[in-house]
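Visitor: whatever this is, show me its structure:
(one chain, ligands or ions: 1)
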Amino acid sequence: MYDIIVVGGGPAGLSAAITARQRGKSVAVVTNDASGSGLYRAGQVRNYPGLPDISGADLLDKLREHAESMGASVINERVLAIAPADGAVGVSRATDVSRAAAVILAIGAAQSSVFPGEAEFLGRGVSYCATCDGMFFRGKRVCVVMRAPDAESEAEYLESIGCEVVRLSPRDMTINGARTVESVTADGETVRCAGVFILRRTIAPASLAAGVELRGGHIGTDEAMRASLPGVFAAGDCAGPPYQIAKAAGQGQIAALSAAGYIDGGGGL
Ligand SMILES: Cc1cc2nc3c(=O)[nH]c(=O)nc-3n(C[C@H](O)[C@H](O)[C@H](O)COP(=O)(O)OP(=O)(O)OC[C@H]3O[C@@H](n4cnc5c(N)ncnc54)[C@H](O)[C@@H]3O)c2cc1C
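Guide: As a prediction, the model looks like this:
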């Protein structure tokens with residue numbers, strides 16, 4: 001149990017972690033590795049105050065070092081779902097479920113569009129995690145959508161437990177079925193299957209945090225970066241434009257102050 005779990009280790013999430021530690025809160029940042037941030041590809045950043053000439057990768061390294069030096073734990077893993085429960089927020093990843101008094105979503109400009117049928121069949125044949133759900137499909141044919149660095153190892157895991165695996169890298173895909181998944185149509189070709197594992201680096205906000213209010217595809221927040229679910233805050237690109245590092249870091253700080261206030265019973269900032 002942490003005071004605050006931050007999902008996403010870009011400028012927004014790491015800035016949030018630094019401020020949350022300054023407020024004396026225990027903090028874990030659960031994130032894909034640094035290359036999951038678009039900033040990693042920026043050869044030169046010229047508009048971040050105080051650091052006039054730094055590469056995106058170096059800036060991410062410095063932010064992580066800073067957060068860790070303040071006592072934040074950084075866990076390199078994908079978060080699959082978050083859900084408020086019993087006055088806390090549960091954070092699910094492939095290997096574990098953790099709980100925190102508050103969660104800050106700093107997932108970047110995560111894709112908000114999903115395949116037709118994906119939301120409808122989530123939990124009824126659609127899964128984001130082979131390790132979590134693979135056993136339900138033992139002896140059956142499943143499709144694996146290969147859009148994350150760990151997709152091949154997840155596909156191999158499914159084969160090792162006795163699934164027949166069809167690997168797909170579709171441009172378009174529709175998931176078909178009645179009560180549960182019966183087939184997918186990928187780039188015009190229909191493949192019968194009992195399940196489909198969609199393995200992307202990021203998960204659309206509506207699937208990651210069921211019931212969270214969206215605004216124009218982003219996570220809707222108020223001025224204190226509170227999202228619509230209790231104990232859940234959002235910051236950075238996932239909370240809307242402008243998509244800039246300084247704005248992401250600033251919103252991360254506001255979200256952390258709000259989360260700390262929420263935990264201390266002050267209701268936010
Ligand atoms: C090529 C390029 C150059 C840029 N140059 C500049 C520039 O010069 N100046 C500027 O101000 N801005 C620049 N930007 C924009 C800037 O990178 C973003 O605005 C900024 O990184 C947003 O920070 P963030 O923390 O909100 O999101 P991100 O930096 O995207 O970080 C989000 C992190 O969360 C991870 N994540 C997402 N979902 C999950 C999940 N389910 N589980 C675990 N982890 C997850 C992601 O993989 C990523 O690591 C540039 C962007 C690009 C692509």
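Visitor: dump stretch 251-260 to CSV, restricted to CA.
Guide: Below are the C-alpha coordinates for stretch 251-260, written out as CSV (Å, rounded to 0.1, in the frame of the first residue of the first chain):
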residue,chain,number,x,y,z
GLN,A,251,0.5,19.8,-14.0
GLY,A,252,2.3,16.9,-12.4
GLN,A,253,3.2,19.2,-9.5
ILE,A,254,-0.4,20.4,-9.1
ALA,A,255,-1.7,16.8,-9.2
ALA,A,256,0.7,15.8,-6.5
LEU,A,257,-0.3,18.7,-4.2
SER,A,258,-3.9,17.9,-4.8
ALA,A,259,-3.4,14.2,-4.1
ALA,A,260,-1.5,15.0,-0.9
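Visitor: next, see if that stretch gets close to the ligand.
Guide: No - judged by Cβ under 6 Å from any ligand atom, stretch 251-260 makes no contact with the ligand; its nearest approach is 7.0 Å. C-beta coordinates here come from the backbone N, C-alpha and C atoms, glycine included.
Visitor: what sits up against that stretch?
Guide: The contact list for stretch 251-260, computed with Cβ atoms under 8 Å, 6 or more residues apart in numbering, reads 3-4, 11-20, 23, 25, 102, 104, 106, 224-226, 231, 233-236, 239, 268-269.
Visitor: likewise for stretch 127-147?
Guide: So stretch 127-147 is contacted by 80-81, 92, 94-95, 151-152, 154-155, 157-158, 161-170, 173, 184, 186, 191-201, 203, 207 (Cβ under 8 Å, 6+ apart).
Visitor: over to it now: how far is its first residue from its last?
Guide: One end of stretch 127-147 sits 14 Å from the other (Cα to Cα, to the nearest Å).
Visitor: right, I'll leave it there.
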